[in-house]
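S.K.: How does the following fold in three dimensions:
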Amino acid sequence: MVKIPSDCPLIDPEVIDRVIGTYLAGQGCWDYVSNLHPPSWPDGNDVEIMSRKALEIAWTEASFPFEREHTTPFLWDQPDRFRIGNVFWDEGPDLSMLVRLTLDWQADYELIR
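M.R.: Numbering: from 1, shown residues only. Predicted structure coming up:
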């Protein structure tokens, strides 16, 4: 198992705060807020926030194995049913396809190390 030191997070805590802040500022206006739909942040800086009600609906109604394993596609695949918000990267160009800050593969570990 690879252990990343806690003083070296891969995700910027300000990204998390920004997405949570958007959700909370909506005062019940959102069922789901992320920075993924459409993506614009570097890969690995993914943040998803959802209401408990939306999560309960997904839990009771999702039927496809992919939806059961990865809860949020059930939500964001139904924009006509759920109120979905997105926080865009506004620091420059879209980095979602150019930068990976995630630990999925041995090459990622080598880069991080």
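S.K.: I'd like to know which helix or strand in this structure has the lowest mean pLDDT.
M.R.: helix 106-112 (a mean of 83; mean pLDDT, DSSP states H and E).
S.K.: Tell me the confidence at Val19?
M.R.: Each residue has a pLDDT score; the one for Val19 is 96.
S.K.: the helices in this structure, which residues?
M.R.: For the chain, the helices identified by DSSP state H occupy 13-25, 52-61, 65-69, 72-76, 106-112, in order along the chain.
S.K.: which one is the residue most central in space within the chain nearest to, not counting chain neighbours?
M.R.: Of all residues in the chain, the one closest to the mean position by C-alpha atoms, centre = their mean is Val47, 2.8 Å from it. Spatially, and ignoring its direct neighbours in sequence, Val47 is nearest to Val19 (4.0 Å; C-beta to C-beta, 6 or more residues apart in numbering). From N, CA and C alone the C-beta is placed, and that goes for glycine too.
S.K.: about what we covered before: any idea how far the residue nearest to the centre of the chain lies from Ala107?
M.R.: As defined by C-beta to C-beta, to the nearest Å, Val47 lies at a distance of 24 Å from Ala107.
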